[in-house]
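Asks: predicted model follows, preceded by the sequence.
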Amino acid sequence: MVFSRYLHGVLIAVCAGVMGAHTVAAEVVSIPPVSRVEVVLASQYKNQVATVKEEFTQAGMTNVHFQFFRQGQPPQNIGFGREVPADKAREAIRLALKYNLGVGILLPERLFPPRFVTIASSNYDDTVEYPIDQATLAQLQNETLTTEEFHRLYHRLTSSPLAPKGRY
């Protein structure tokens, strides 16, 4: 009987210690605002990867992966996950305008993990591409938009049904 009480007391103490360790560990680990950025660059930037990567790092996006378009200009698209902060999304748009010569297509957030950004991806076809004009892009770049407002606008721009094009 005494041994049983002793065993229960030890098990409770071990469980409390484990739960406390998890709580402390959860407080120490911070989640980055953007988990991954995938960028396709024109081949002219192959020798400037360090410079371009530094610009993304200064913008707060450290996990950046580059691919290079073999010929011509990569597609002028951009896509964001639903939890990318508005300030990081605006920075990604700014960098896309600089290195991709424009943004004319939005990709819907439902295609991506929550804190993911893609610039100039050729992985998507016209069934998920939402063309935008410069006025609409300017709305997304509005500095006064909160993250919630940004994603509400982004979702509205990328959720309407698309008319089939081409062979579809």
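Replies: Nice, thanks for sending it over. Numbers count the residues shown, from 1 in each chain.
Asks: and the gap between the spatially most central residue of the chain and Ala135?
Replies: Among the residues of the chain, the one closest to the centroid is Phe116, at 2.3 Å (C-alpha atoms, centre = their mean). Remark: distance between Phe116 and Ala135 (C-beta to C-beta, to the nearest Å) = 26 Å. All C-beta spots, glycine's among them, are computed from the backbone N, C-alpha and C.
Asks: quick check: beta-bridge partners of the residue nearest to the centre of the chain?
Replies: Residues in a beta bridge with Phe116, per DSSP bridges, are Arg36.
Asks: you'd agree it is up against Ser35?
Replies: Yes. Under the criterion of C-beta atoms under 8 Å, Phe116 makes contact with Ser35 at 6.2 Å.
Asks: how about Phe112, what does it touch?
Replies: Taking C-beta atoms under 8 Å, 6 or more residues apart in numbering, we find Phe112 in contact with 79-82, 118.
Asks: care to break this structure down by domain?
Replies: The record's domain parsing of the chain by automatic domain parsing lists 1-30, 36-157.
Asks: pull up the distance across the last one, start to finish.
Replies: If I follow you right, that is domain 36-157. End-to-end distance of domain 36-157 (C-alpha to C-alpha, to the nearest Å): 23 Å.
Asks: could you give me the average pLDDT of it?
Replies: The predicted model gives domain 36-157 an average pLDDT of 94.
Asks: from the chain's centroid, how far away is it?
Replies: 8 Å (C-alpha atoms, centre = their mean, to the nearest Å).
Asks: circling back: most widely separated two among the contacts of Phe112?
Replies: By the measure C-beta to C-beta, Arg82 and Thr118 form the most distant pair in the contacts of Phe112, at 13.6 Å.
Asks: fine by me, we can end here.
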